[in-house]
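heads up, no residue letters with this:
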Ligand SMILES: Nc1nc2c(ncn2[C@@H]2O[C@H](COP(=O)(O)OP(=O)(O)OP(=O)(O)O)[C@@H](O)[C@H]2O)c(=O)[nH]1
Ligand SMILES: [Mg+2]
């Protein structure tokens, strides 16, 4: 070890089944909402890097899609992203939902930890939903039978319960080495990706059934200008893609009401995040069965390559 190196870093990969709160945990750890969160499974589609630098230590969190059985080419890429992230991972957080039984996707992930005897911290989330906290004992013992987890920590991301303790534990896993990102950065995602994800998240939250899963958002135009009163405005024009004409009319809604709702929720968050007044224009387009088109998946930046 170089005695002059005072800085530390830790790379922490967050995996788990869908909807357990992986992205919520990433956002909390980083202190900014950089990953989309919704109650719909398969919200996250790609690897998302979140950075948090506390004093000498830089934590690099890698959020991944929820493990599931691939249904189309897009979800094939998502599953490959998860498997690659596990294979490359230094420290793994396996996030679970304490109200759900252990699933085949979780036992599958645990098998992949076994092969490399990986350092895995089991984070049992959503303990706020347990009326009787003693139920945790059996949840913990069920998981402990399956793997020799380095730590098992029950938390609630929503209530920030146990999350400081989790951060303190992660500190122990940091190793001497350089900081890989600027100390003030929170993510390596380009602005356009963050913008598109904010809009996709609002669409996910507003829409039901199969419509949200077939949505992709691209930022087509970005322009910053000063209006007559001297205020800075960011003009953002986006395409919201869906897979069917019927989905397009649902997204637009009666007299455009749904698109208006998605747009206005997105605009508020865009203004908060980028600290500038936003003028958002959304166009809805159909790309039939794009989730089975390698070219479209690549075009939307969703390929694992
Ligand atoms: N009650 C409760 N809900 C939570 C907690 N953490 C996250 N959630 C909710 O769980 C849902 C899923 O959260 P996400 O962070 O999107 O979950 P994810 O694991 O990233 O999901 P995928 O990206 O689909 O794999 C959202 O509705 C969150 O608000 C928690 O501690 N308690
Ligand atoms: Mg997620």
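The structure has been received and is ready for your questions. This is a predicted model, so every value here is computed, not measured. Ligands and ions are numbered 1, 2, ... in the order given.

any idea how the chain splits into domains?
The chain breaks down by automatic domain parsing into domains covering 8-176, 191-299.

tell me which parts of the stretch 51-200 of the chain are close to ligand 2?
Contact residues of the stretch 51-200 of the chain with respect to ligand 2, defined by Cβ under 5 Å from the ion, are absent. In short, each C-beta sits where N, CA and C put it, glycine included.

who touches the top helix by length along the chain?
With DSSP state H applied, the helix covering the greatest number of residues in the chain is identified as helix 257-274. Residues from elsewhere that reach helix 257-274 (Cβ atoms under 8 Å, 6 or more residues apart in numbering): 32-33, 191, 194-195, 198-199, 202-203, 205-207, 234, 236, 240, 250-253, 277-278, 280, 282, 284.

ok so, going back, looking at the domains of the chain, which is buried most?
Among those, ranked by average contacts under mean count of other Cβ atoms under 10 Å, first place goes to domain 8-176 (a mean of 18).

Could you list everything the closest residue to residue 149 other than its chain neighbours pairs with in the sheet?
With Cβ to Cβ, 6 or more residues apart in numbering as the criterion, residue 149 has its nearest non-adjacent residue at 4.4 Å, and that residue is residue 122. Here residue 122 shows beta-bridge partners residue 94, residue 152, assigned using DSSP bridges.

counting contacts, what elements does the one helix or strand residue 74 maps to pack onto?
When elements are defined using DSSP states H and E, residue 74 is found to belong to helix 73-88. Helix 73-88 is packed against strand 8-15, helix 104-116, helix 294-299, with contacts defined by 3 or more Cβ pairs under 8 Å, 6 or more residues apart in numbering; DSSP states H and E.

got TSV for those, with distance to ligand 1 and mean pLDDT too?
Conversion of the helices and strands packed on helix 73-88 to TSV gives the following (distance: least, Cβ to the nearest ligand atom, whole Å; pLDDT from 0 to 100):
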stretch	distance to ligand 1	mean pLDDT
strand 8-15	8	98
helix 104-116	10	94
helix 294-299	17	97
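
export these to JSON lines and tack on distance to residue 97?
Formatted as JSON lines, the entries for these read as follows, by distance: least, Cβ to Cβ, whole Å:
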{"stretch": "strand 8-15", "distance to residue 97": "13"}
{"stretch": "helix 104-116", "distance to residue 97": "10"}
{"stretch": "helix 294-299", "distance to residue 97": "28"}
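
Next, work out how far apart the residue nearest to residue 149 and residue 19 are.
Remark: distance between residue 122 and residue 19 (Cβ to Cβ, to the nearest Å) = 17 Å.

contacting residues for residue 82?
Contacts for residue 82 were tallied using Cβ under 8 Å, 6+ apart; they are 15, 64-65, 67, 109.

typo on my end, it should be residue 20
Remark: with contacts taken as Cβ under 8 Å, 6+ apart, residue 20 is in contact with 66, 95-97, 100, 125-126.

can I assume residue 138 sits in a helix?
Yes: following the definition DSSP: H, G, I helix; E, B strand; the rest coil, residue 138 is counted among the residues of a helix.
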